[in-house]
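1. predicted coordinates and the sequence they were generated for:
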Amino acid sequence: MNHIGHDAVRDAARRVSDSRAPGTGTGTGTDINTEPHPRAGARASGAAADGADQRGVDQRSMDQRGIDERDAAIRARVRDIDRRMHHDIALLHALEQQLAALRFTTDAPPSRGAALEALCARGLDRLPLPGHGRTAARWRALAAVAACDLSLVKLYEGHTDALAILTELHASLLAAPGRRWGVWAAEPPHRKVTAIPDGSRDGLRLEGVKPWCSGAMMLTHALVTVSRNGEPVLAAVELAQPSIEMSDDGWHAVGMAATGTCDVRFDGARARQVGDAGAYLARPGFWHGGAGIAACWYGCAVELAAALRAHVVARAEPHACAHLGAADAQLAAAGALLRETAAWIDAHRRADAMRHAMRVRLAVEQAASAVLEHVTRALGAGPLCSDPHFARAVADLPVFLRQSHAERDAAALGDVLRNARDPLERDPDPLWPLACP
């Protein structure tokens, strides 16, 4: 029994072992271990499909979140643009209202100083910065002030230019409310103001005479170009110092007389350097400000042309109509170029705008000169003798236009063009494009 029992056990064990061996093709054990159960496969396929579906849902959710974030950013940008646009419109409206109330009966400089102070007190000097998407709005404000009075805009443009310079050179803290700035950068030969470091951070002491300082007796501060160790630097100066003397003995102008232009003598006056050496001329905003002067010329020319149109509306004289048509053509072309230049500056804030600034200055100077001739030939001597606002503008404009250097500026622009690419070649910034930028 025992022997028979042991043999049975051994046979049973051998059969089990054989049935578990892979590839024998015998017994049900092989089927169980090599073929998956149909239900198990279905469960695996279902799990894989569920995972793919979930990944698709997750991806679509991420894509939607990205779209939502982009849409939110676009909406925020649109709201910001809308807010800035409404601010610009409100500022220009308030500025025009303030200017409409101004009627200068004298060429005494303090009257323009008081007007500038009033504009600043109402925040009407906080113009959009050039090159930040709203350059045209800034220039419209300059043109509006110029239409009111060129001596006033000479002070207003200098002050607003100083605010832009301080921002660009990271010194905006100096532009505190209540301060009225000038920018004095005239440097005739052999009359440079020198700057000596005073030992403090950015501190300077100024020595010398700076000529042609507009509004000197009516401003509180000025940005002055000076020479430090032979290098050009910009200095911020508080003008209420005993070491600063002003004299208008050399200013005998009839046109622009109300600017109160002086020679300013510095005798150890305290100042602070703004920016690095050469930064004033090297910054992109230098040409932005230079182009803005053309908006002032344009504003005065528009005011003169408006006087001619009022005359023609009242009296339809053929020759006066011809002069008005010619003035219109000049102003329309100049205005279009101003708008195009403003748009270019906004689109290329960091680029060298010299070519564009020189071009618009020359074009507007020629247009303003032509308008001045057309208007005075059409209207004759009458308004020159009886209308103080008109007579003052006609006297002021030729003097202000000479801030352009005429043929020297044209030659400088021509030299730039001589070294530019062929105008017929494809260029991202073509010389004479017809298509909109």
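-> Looks like it arrived, so ask away. Residues are numbered from 1 along each chain as shown.
2. what about Glu96, how many residues nearby?
-> 16 (other Cβ atoms under 10 Å). Yep, even glycine has a C-beta here, placed from its N, CA and C like the rest.
3. equivalent analysis for the one 5 residues further on, please.
-> If you count neighbours by other Cβ under 10 Å, Ala101 ends up with 9.
4. roughly how far apart are it and Ala115?
-> From Ala101 over to Ala115 the distance is 10 Å, taken as Cβ to Cβ, to the nearest Å.
5. next: Arg70.
-> 48 Å.
6. hang on, the earlier thing: quick check: neighbours shared by Ala101 and Ala115?
-> Counting by Cβ atoms under 8 Å, 6 or more residues apart in numbering, Ala101 and Ala115 have no contacts in common.
7. ends of stretch 196-204, how far apart?
-> End-to-end distance of stretch 196-204: 5 Å, with Cα to Cα, to the nearest Å as the criterion.
8. pull the distance from that stretch to the chain's centre.
-> With Cα atoms, centre = their mean, to the nearest Å as the basis, stretch 196-204 stands 31 Å off its chain's centre.
9. residues contacting that stretch, please?
-> Contacts made with stretch 196-204 from outside it, assessed by Cβ under 8 Å, 6+ apart, are listed as 195, 205-207, 226, 228, 233, 235, 270-274.
10. for the protein, longest strand please?
-> strand 262-274 (DSSP state E).
11. got the buried residues for the following helix or strand past it?
-> Next helix or strand after strand 262-274 toward the C-terminus (DSSP states H and E): helix 279-282. Within helix 279-282, the residues that qualify as buried are 279-280, counting by 16 or more other Cβ atoms under 10 Å.
12. what sits up against helix 279-282?
-> For helix 279-282, the surrounding residues in contact (Cβ under 8 Å, 6+ apart) are 165, 169, 185, 225, 232-234, 274, 286.
13. just the ones in helices from these, please.
-> The helices, defined by DSSP state H, take in 165, 286 from the contacts of helix 279-282.
14. how about JSON lines for the contacts of helix 279-282, with neighbour count added?
-> Output for the contacts of helix 279-282, formatted as JSON lines (neighbours: other Cβ atoms under 10 Å):
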{"residue": "Ile165", "neighbour count": "25"}
{"residue": "Leu169", "neighbour count": "20"}
{"residue": "Ala185", "neighbour count": "17"}
{"residue": "Thr225", "neighbour count": "19"}
{"residue": "Pro232", "neighbour count": "18"}
{"residue": "Val233", "neighbour count": "22"}
{"residue": "Leu234", "neighbour count": "28"}
{"residue": "Val274", "neighbour count": "22"}
{"residue": "Phe286", "neighbour count": "19"}
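15. name the SS class of Leu204, please.
-> Three-state call for Leu204 (DSSP: H, G, I helix; E, B strand; the rest coil): strand.
16. these two touch, right, Val264 and Trp184?
-> Yes. Val264 is within contact range of Trp184, at 7.2 Å (criterion: Cβ atoms under 8 Å).
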